[in-house]
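Asker: Build me a model from this:
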Amino acid sequence: MNTNVKTELLRRMSAGKEHPVSGQQLADEFGVSRTAIWKYVKELETEGYEIGSVRKKGYYLIASPDAVTPAAIQQYLTTPLYGSTIRYTGTCPSTQLIAHDEAQNGAADGTVIIADEQTAGKGRLSRPWSSAAGKGIWMSVITRPALTPQQAPQMTLVTAVAIVRAIEECTSVTPSIKWPNDILVNGRKLTGILTELQADPDRVKAIILGIGMNVNQEPDDFPSELQSIATSLRIEEGQPVSRAKLVAAVLSYLEQYVSLYVEKGFAPLKLLWESYADSIGRRIRVSTLQETYEAVARGISDDGRLEVQLDDGTIRGIYSADIHII
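Answerer: Take a look at the predicted model:
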């Protein structure tokens, strides 16, 4: 099946009953048979789309499932690169594992691996991540920016800014960023980011951005131990949110901001990141593998370190730690 034809069919049918899509016209445009268009319609129906028809005029979309298939996402895409290739699977242990293999096999910059469910999702420090079927966005984006390995850690921060901008575009929710890799709403975790690197000593081969976002969970969908610390966009918004639209928005901002980072450096993105940060100017508890101490968060450095001020006035830069606002 030609995903481009299927995506274009879905995009045009979304205009509704007043503007039905002519199957013959679309067949002529793409150089396929009228029967092929009919098969695309039937395939979309098996995926949960409700499609109507107007005699001698064509097809229109009545209702859409909350799907994250390539056609569902690509009908909303505005990016020239990110998301042009989407590999979808109903269920898998982890999209990161698939993405690593795809990257090593030459997958193009901006390739997306997305699953409806993960059975062994993980976050930073290999912590488990609950990835229920049909409820969230579980995806990995293969990026190949012209960066050095030393510049790779900032990609987590770049990704965080892209995600909060996408959430603001698609919902009325106001998110914040918790250093280094979490998106929060009202102090509860909404999204985690896992950045992994494939590199030679002097150049980045691929940076794989794993994104786990709670979208349409209701409180009872979370394990009991997470119900007080996790949230979803549906809980915060009070209504379901289109996962496909949100994925497309994330990819749009991500392509824009990665390009900005490569061209202009981290400085403009640092300002954006700090504008969303939940801890700047606040007293925090810092826990590293070696020690735990209290300090005031001051901001982030140009290389992505969290800068904190100790009680004696000393400024310290942190590369990796868990932080908690006191």
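
Asker: Residue 208 falls within a strand, correct?
Answerer: Yes. Assignment of residue 208 by DSSP: H, G, I helix; E, B strand; the rest coil places it within a strand.

Asker: doesn't residue 142 make contact with it?
Answerer: Yes. Here residue 208 lies in contact with residue 142, judged by C-beta atoms under 8 Å, at a distance of 5.7 Å. Just so you know, the C-beta spots here come from the backbone N, C-alpha and C atoms, and that holds for glycine as well.

Asker: between the two, what contacts are shared?
Answerer: 99, 103 (C-beta atoms under 8 Å, 6 or more residues apart in numbering).

Asker: All the strands of the stretch 51-200 of the chain, residue numbers only.
Answerer: Residue ranges of the strands in the stretch 51-200 of the chain, as given by DSSP state E, counting those that start in this stretch, are 58-63, 86-92, 111-118, 136-143, 176-178, 182-185, 188-200.

Asker: whoops, I mixed them up, the stretch 201-326 of the chain
Answerer: Ranges of strands in the stretch 201-326 of the chain, per DSSP E, counting those that start in this stretch, are 203-214, 283-287, 292-300, 306-309, 315-318, 322-325.

Asker: of all those, which lies closest to residue 262?
Answerer: Of all the strands of the stretch 201-326 of the chain, strand 203-214 sits nearest to residue 262, with 10.5 Å by C-beta to C-beta.

Asker: Can you give me the domain boundaries for this protein?
Answerer: Domain assignment for the chain, taken from automatic domain parsing, gives 3-63, 70-276, 283-325.

Asker: Need those in a markdown table (columns: mean pLDDT).
Answerer: Below are these laid out as a markdown table (pLDDT from 0 to 100):
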| stretch | mean pLDDT |
| --- | --- |
| domain 3-63 | 92 |
| domain 70-276 | 93 |
| domain 283-325 | 92 |
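
Asker: so which of those is the most packed in?
Answerer: Stretch with highest mean neighbour count among the domains of the chain: domain 70-276 (a mean of 19; mean count of other C-beta atoms under 10 Å).

Asker: And the longest helix along the chain, how far out from the chain middle?
Answerer: When the chain is parsed with DSSP state H, its longest helix is helix 243-264. Put simply, helix 243-264 sits 9 Å off its chain's centre (C-alpha atoms, centre = their mean, to the nearest Å).

Asker: got the CA coordinates for stretch 6-17 in CSV?
Answerer: Taking Å, rounded to 0.1, in the frame of the first residue of the first chain, the C-alpha atoms of stretch 6-17 are listed here in CSV:
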residue,chain,number,x,y,z
LYS,A,6,-3.6,6.8,2.0
THR,A,7,-2.4,9.8,3.9
GLU,A,8,-3.7,12.2,1.3
LEU,A,9,-7.0,10.4,1.1
LEU,A,10,-7.4,10.7,4.9
ARG,A,11,-6.3,14.4,4.8
ARG,A,12,-8.9,15.3,2.2
MET,A,13,-11.7,13.3,3.6
SER,A,14,-11.3,15.3,6.9
ALA,A,15,-13.0,18.3,5.1
GLY,A,16,-16.3,16.6,5.8
LYS,A,17,-19.6,15.7,4.0
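
Asker: which outside residues touch it?
Answerer: 19-21, 26, 30, 37, 40-41, 43-44, 49, 51-52, 54, 59-61, 64, 70-72, 74-75.

Asker: tell me the contacts of residue 134?
Answerer: By C-beta under 8 Å, 6+ apart, the contact set of residue 134 is 66, 116-117, 216.

Asker: Residue 276 too?
Answerer: 160-161, 164, 175-177.

Asker: just these now: which is nearest residue 234?
Answerer: So of the contacts of residue 276, ranked by how close each gets to residue 234 (C-beta to C-beta), first place is residue 175, at 14.2 Å.

Asker: thought that closest one was touching residue 164?
Answerer: Yes. The pair residue 175 and residue 164 passes the contact test of C-beta under 8 Å, sitting 4.7 Å apart.

Asker: Starting from residue 319, give me the distance back to residue 132.
Answerer: Look at residue 132 and residue 319: by C-beta to C-beta, to the nearest Å, they are 32 Å apart.

Asker: Can you name the residues that contact the closest residue to residue 217 other than its chain neighbours?
Answerer: In space, residue 217 comes closest to residue 232 once its chain neighbours are excluded; the distance is 4.0 Å by C-beta to C-beta, 6 or more residues apart in numbering. For residue 232, the contacting residues are 135-136, 190, 214-218, 221, by C-beta under 8 Å, 6+ apart.
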